[in-house]
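# Make a model of this:
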Amino acid sequence: MEILGNLYLSIGLLIGLCAFGTAIGFGLLGGKFLESSARQPELAGQLQTRMFIVAGLIDAIAMIGVAIALYMLFVEVPKFI
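As a prediction, this is how the structure comes out:
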């Protein structure tokens, strides 16, 4: 039972840290984008394209973490029940 509780705790931490890291990444990315487009407005289109590419990569890392957490929840937990 203790192992099961630790597994649930690790799943919650994994999902929470993925969300926290993504929020920090998007905040920094958006702030730097606004700062750079305010300095050079003529490059705003190119910067926006690059910003969306990096935003997709940031989100992909979080989705991998959530997929690992769901795997742990639905595959590993039934082994202990």
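
# Buried ones in stretch 48-64, by neighbour count?
Burial within stretch 48-64, assessed by neighbour count using 16 or more other CB atoms under 10 Å, is assigned to 51, 55, 58, 62. Just so you know, the C-beta spots here come from the backbone N, C-alpha and C atoms, and that holds for glycine as well.

# how far is it from where the chain is centred?
With CA atoms, centre = their mean, to the nearest Å as the basis, stretch 48-64 stands 9 Å off its chain's centre.

# And stretch 59-69, by the same measure?
That offset, for stretch 59-69, works out to 7 Å (CA atoms, centre = their mean).

# Outside of it itself, list whatever touches it.
The contact list for stretch 59-69 (CB atoms under 8 Å, 6 or more residues apart in numbering) reads 11, 14-15, 17-19, 21-22.

# Sort out which of the residues you listed are in helices and list them.
11, 14-15, 17-19, 21-22 (DSSP state H).

# where do the helices sit along this protein?
2-39, 44-71, 77-80.

# comparing those, which gets the lowest mean pLDDT score?
For these, mean pLDDT drops lowest on helix 77-80, to a mean of 82.

# Thanks again, I'm all set now.
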